[in-house]
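**Q** Quick one, what's the 3D model for this:
(one chain, ligands or ions: 1)
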Amino acid sequence: MQMPRVRCLIRWLTSMSNASIDAQFLFRAVALAEAYVGRTAPNPPVGAVCVRDGVILGEGAHQRAGTPHAEVHCLSQCPDDLSGATLYVTLEPCSTAGRTPPCCDLILKRRPARVVIGCLDPNPRHAGGAIPRLEAAGIQVCVATGEAAAACQALIAPFAKAITTGLPYVRVKLAMTLDGYLADRTQTSRWVTGAQAREWVQHQRLRADAIMVGAGTARIDHPSLQPHLPNAPLKVRVLMDRHTPIAPADRDAQTLVATEDLGYDGAHLEPALRALCQRGINEVFCEGGGQLAAALLEQHLVDELILIYAPKVLGDPHAVRGLPILPRLLAQGMTFTTINRISLGEDTALCLRPTQV
Ligand SMILES: NC(=O)c1ccc[n+]([C@@H]2O[C@H](COP(=O)([O-])OP(=O)(O)OC[C@H]3O[C@@H](n4cnc5c(N)ncnc54)[C@H](OP(=O)(O)O)[C@@H]3O)[C@@H](O)[C@H]2O)c1
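**A** Take a look at the predicted model:
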């Protein structure tokens, strides 16, 4: 009488441990993909690992649009015979040809026993398309759940937003004093935060496809808006102007001036962001200043608001306010969810997700 129950328990325990093994290799695939975040647009970052009996046979990541996908890099390292092997991919393998042939065809040719998919393709035209093709050929397919699935979804959040809405994922960063000022009244205090926070910002630039500032910041700070990190790719610079022309010294080959290049009318930011998405930009990192940040928030275009607080107080009502319209937004019912708190030396970054008003 006990036997079926024992067998059930063994099956349950085995499936639990399989799930944690699957999660472990999916996290490895996420880590491989992470190295190329900010380099793959308009494609998403993707990682893949092929494993048999706990031994990694091959691994790879998608490195740049138009070049081989993660599965191709990974399977090229594997032996010919993949019987008993599991292929872990952070994103559902493509089942249609794009700039490169469909990865599904390659997987069908190489025939691992199992494919574990971190998350489905967010493109509604392709979502789930790979699964019946692989299963029809006798390959077992599992779609991840839990934390590993969440990590795979977070990896492609900008791509998912771009492909489903035509808008880029927008992160806005403002560095402030404790009393909410971006700069002193002379606007010459270039850095509010310390070295560690500034270094962290360089890494945030690296993750994005384009770096944006308002014309006010461009005129006063003349920021390079490039990640100052070894081997960092050049980013598209976006200057959001309105009435005042941008000086030639503040623009270069990587610069898009919103009124000229994005059809910006000086008020409605969404069409300008859509124009960026059409240029293949999935993620925008906006570095202020306060007026532009406030306008993006008011027009519900911000996915993440990053406020970096320095332990300083200016106490000068004539200094530059970080979010001058914040009281109005709060009065209208805007709220925020804290998604992360990061300690950066003396400073603290609060990563917030605004709710729709
Ligand atoms: N601590 C930080 O994190 C940080 C970050 C950035 C800047 N800053 C400081 O902040 C100061 C500049 O900030 P800011 O708030 O004055 O300037 P800003 O937000 O960078 O730029 C304001 C300008 O952006 C243009 N703009 C385009 N679309 C707009 C819209 N929908 N709404 C509002 N403006 C729009 C306008 O240009 P037109 O003039 O052409 O109309 C406006 O004058 C500087 O002192 C800079 O050093 C600090």
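
**Q** what kind of secondary structure is residue 293 in?
**A** helix (DSSP: H, G, I helix; E, B strand; the rest coil).

**Q** what number of residues lie near the spatially closest residue to it that is not a sequence neighbour?
**A** Nearest residue to residue 293 in three dimensions, chain neighbours excluded: residue 172, at 4.9 Å (C-beta to C-beta, 6 or more residues apart in numbering). Placement of C-beta: from N, CA and C, glycine included. Residue 172 has 25 neighbours, counted by other C-beta atoms under 10 Å.

**Q** does residue 172 sit in a helix, a strand or a coil?
**A** Applying three-state DSSP: residue 172 is strand.

**Q** what comes up buried for stretch 92-102?
**A** 92, 93, 94, 95, 100, 102 (16 or more other C-beta atoms under 10 Å).

**Q** which residues does the residue nearest to residue 293 bridge with?
**A** Beta bridges link residue 172 to residue 286, residue 305, judged by DSSP bridges.

**Q** Outline the domain layout of this structure.
**A** 22-160, 166-354 (automatic domain parsing).

**Q** Show me the helices in the stretch 201-350 of the chain, by range?
**A** Along the stretch 201-350 of the chain, counting by DSSP state H, counting those that start in this stretch, helices occupy 215-221, 258-261, 269-278, 290-298, 326-331.

**Q** residues in contact with the spatially most central residue of the chain?
**A** Geometric centre of the chain, nearest residue: residue 158, 4.7 Å, by C-alpha atoms, centre = their mean. Contacts for residue 158 (C-beta atoms under 8 Å, 6 or more residues apart in numbering) come out as 41, 44, 168, 169, 209, 282, 283.

**Q** cool, and residue 49?
**A** Residue 49 neighbours (C-beta under 8 Å, 6+ apart): 25, 28, 29, 32, 56, 58, 59, 74, 87, 88.

**Q** Around residue 197, how many other residues sit close by?
**A** Neighbour tally, residue 197, other C-beta under 10 Å: 23.

**Q** Surely it and residue 310 touch.
**A** Yes: Residue 197 is within contact range of residue 310, at 7.5 Å (criterion: C-beta atoms under 8 Å).

**Q** So for those two, which residues contact both of them?
**A** 175, 347.

**Q** doesn't residue 199 fall inside a helix?
**A** Yes: assessed by three-state DSSP, residue 199 belongs to a helix.

**Q** now the residue of the stretch 1-150 of the chain found nearest the ligand, nearest residue through space, not along the chain?
**A** Per C-beta to the nearest ligand atom, residue 38 is where the stretch 1-150 of the chain lies closest to the ligand, at 20.0 Å. Sequence neighbours aside, residue 207 is the residue nearest to residue 38 in space, at 4.4 Å (criterion: C-beta to C-beta, 6+ apart).

**Q** number of nearby residues for that neighbour?
**A** For residue 207, using other C-beta under 10 Å, the count is 17.

**Q** can you pull the contacts of it?
**A** 37, 38, 283, 285.

**Q** Could you dump those residues into TSV with neighbour count added?
**A** Shown next, in TSV, are the contacts of residue 207 (neighbours: other C-beta atoms under 10 Å):
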residue	neighbour count
37	20
38	23
283	23
285	28
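
**Q** Make TSV out of those and add pLDDT.
**A** Putting the contacts of residue 207 into TSV (pLDDT from 0 to 100) gives the following:
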residue	pLDDT
37	97
38	97
283	98
285	98
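
**Q** just checking, residue 326 touches residue 294?
**A** Yes: judged on C-beta under 8 Å, residue 326 makes contact with residue 294 at a distance of 7.4 Å.

**Q** Could you point out which residue ranges in the stretch 151-300 of the chain have low pLDDT?
**A** 189-190 (pLDDT under 70).

**Q** Pull up the residues of it that are close to the ligand.
**A** 174-175, 182-183, 187, 192, 213-217, 220-221, 240-244, 266-267, 269, 287-292, 295 (C-beta under 6 Å from any ligand atom).
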